[in-house]
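> structure of the sequence below:
(4 chains)
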There are 2 protein chains.
Amino acid sequence: MPAKTRARQRAPHLGPERRRPQVLDAALAIAVRDGIGAVTVGAVAAEMDVTRPVVYACFSDRVDMVEALLDRESAALLEAVLDALRGSGTTLEPEQAFTEGFRSLLAAAATRPDSWHLLLTGEPDPALSERFRAARTLVQAQATAWIGPAMVRWWNTPELGRKLPVLIEFFMSSCEAAVRSLLDDGNDWGPDELGEFVGSAVHRAFRDA
Amino acid sequence: MPAKTRARQRAPHLGPERRRPQVLDAALAIAVRDGIGAVTVGAVAAEMDVTRPVVYACFSDRVDMVEALLDRESAALLEAVLDALRGSGTTLEPEQAFTEGFRSLLAAAATRPDSWHLLLTGEPDPALSERFRAARTLVQAQATAWIGPAMVRWWNTPELGRKLPVLIEFFMSSCEAAVRSLLDDGNDWGPDELGEFVGSAVHRAFRDA
DNA sequence: GCAAATTCCTGCATAGGTGTATTAACGTCA
DNA sequence: TGACGTTAATACACCTATGCAGGAATTTGC
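Model (predicted):
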């Protein structure tokens, strides 16, 4: 026997079209396991038991590949977050708005934990930090556009123009903390009760700001 | 003319002992400017207008160098944070405890913004993430040891054992958000008033948890 | 002022990553 | 079944970073 027992000496002929999703799956697995810095073309190829040119047939570039990954993973999350923000706008009670918002945020997080892990802990690569920043900035802008007017309507908070940036930063961090708690190993909270708990806490912080 | 006008063809003989702090300063500058992933031996050497072997004379290793940087930068910060936690424990009023704590936290942050920047946005390197995690874990443990008993004393919060991990995660994120707000470019808050504002908000969130 | 030790620079070997051209195997369709 | 186009592997050139020699310059001590 000339070499170690290889499962298959040659991978099946699937073509770039059918390999693309496999490449992104492998890249996500590596990013979650070893950090996004470990997502190299070689690592992805090894993860799917294939050689590097196969990956290059799917994406022109390493950056192109990771951008595709971020696009795919962030699309679902972004939609979930924006839904959470919009959905809770219709609710009349302020506290319910927050708790419902956090509830649906956490429900979305529980559905695709790997995607959340990626977007929360990512950004080691200077060539891609722009894209992370952009995703976060978009959510932040949406949050500002929703929370600002709501606070005027509900509590007519004084000096809101000055306070709002700080409160938004606070809000974003609270969302991250909530998701982190939910995805934590020793966690025994369900998305619903955790959403209510955190949402209500954030509500109290904002109400008398 | 054989080459471009070089300021000094040969750097002065200082020796490893006097170069060590210079190396760390250069490393910090690079980390803040381009991220910690850009802190390579070559980059540090170029930053201080010296060749790589000079850096290797000070630190055996790239990891050794960055660990020394983290040690130096985190030492002052850790002390400041622990002081903030302990100092606010003597205060009797709960709300004052939070506002005072955040005030001294932000005062420390304002003194060494680069260090904070490093520890908040760092961790791209798998070989060093352990150290980042350790620093954060230590602060987290201290926060837990302080906040847990205090909440029992002040409000006798029910089901605290289950809630505390979530609240601590929430608290840590709030600290990060506060520091981020303070270090933000368009920020017009001083450490004191921002500390009071955020501390009071966090207090309301915790009081009725 | 001059030797000697210290300090710095030039250059090299190694390792790992990128991106591409060439070659060999697979699949498919006639 | 057999030929042809598609697909994957091998192999290469290049780059950047690491870590380590040996030779040149500067301090320092006498």
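> contacts and neighbour counts: CA atoms only from here.
Will do.
> what residues of the lengthiest helix in chain A count as buried?
The longest helix of chain A (DSSP state H) is helix A:62-90. Going by neighbour count (16 or more other Cα atoms under 10 Å in any protein chain shown), the buried part of helix A:62-90 is A:65-66, A:68-70, A:73-74, A:77-78, A:80-82, A:84-86, A:88-89.
> go on, stretch A:128-146?
Going by 16+ other Cα under 10 Å, stretch A:128-146 has these buried residues: A:128, A:132, A:135, A:139, A:140, A:143, A:144.
> so what's the first one up against?
In this case it means residue A:128. A:63, A:67 (Cα atoms under 8 Å, 6 or more residues apart in numbering or on different chains).
> cool, and the third one?
Residue A:135 makes contact with residue A:74 under the criterion Cα under 8 Å, 6+ apart.
> quick check: pLDDT value at it.
Note on residue A:135: pLDDT of 75.
> repeat for the first one
For residue A:128, the model assigns a pLDDT of 72.
> so residue A:102 sits against residue A:84, correct?
Yes. The criterion here is Cα atoms under 8 Å, and residue A:102 meets it with residue A:84 at 7.4 Å.
> just the pLDDT for residue A:123.
Residue A:123 is given a pLDDT of 67.
> no wait, residue A:1
Looking at residue A:1, its pLDDT reads 34.
> now, the buried residues of stretch A:128-146 that are in strands?
Judged by DSSP state E, strands contain none of the buried residues of stretch A:128-146.
> okay, who's weakest in those residues by pLDDT?
residue A:128 (72).
> just to revisit the earlier point, right, and out of the buried residues of stretch A:128-146, which lies closest to residue B:25?
Set against residue B:25, the nearest of those by Cα to Cα is residue A:128 (26.2 Å).
> for residue A:73, see how far away the closest one is.
Distance of residue A:128 to residue A:73, given as Cα to Cα, to the nearest Å: 14 Å.
> residues in contact with residue A:38?
A:30, A:31.
> how about the residues of chain A by DNA strand D?
Selection of chain A residues close to DNA strand D by Cα under 7 Å from any atom of the strand yields A:9-16, A:19, A:49-54, A:57.
> just the buried residues from these, in ChimeraX please.
A single ChimeraX command selects the buried members of these (16+ other Cα under 10 Å):
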select /A:16,19,50,51,54
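> give me the subset of the residues of chain A next to DNA strand D lying in helices.
A:16, A:19, A:52, A:53, A:54, A:57.
> nearest to residue B:32, of these?
residue A:52 (33.7 Å).
> could you pull up the residues touching the closest one?
A:41, A:42, A:45.
> and it, how close does it get to chain B?
23 Å (Cα to the nearest Cα, to the nearest Å).
> separation between that residue and DNA strand C?
Distance, residue A:52 to DNA strand C, using Cα to the nearest atom of the strand, to the nearest Å: 6 Å.
> do you know the pLDDT at that residue?
96.
> could you check how many residues crowd around residue A:120?
15 (other Cα atoms under 10 Å in any protein chain shown).
> from what I see, it and residue A:176 are in contact.
Yes. Contact criterion Cα under 8 Å: residue A:120 and residue A:176 qualify, at 7.3 Å.
> thinking again about what came up before, would you turn the contacts of residue A:52 into TSV with pLDDT, distance to DNA strand C and neighbour count?
Converted to TSV, the contacts of residue A:52 look like this (pLDDT from 0 to 100; distance: Cα to the nearest atom of the strand, whole Å; neighbours: other Cα atoms under 10 Å in any protein chain shown):
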residue	pLDDT	distance to DNA strand C	neighbour count
A:41	97	4	23
A:42	96	5	15
A:45	97	9	20
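> what about these, which are in helices?
Those of these lying in helices (DSSP H): A:41, A:42, A:45.
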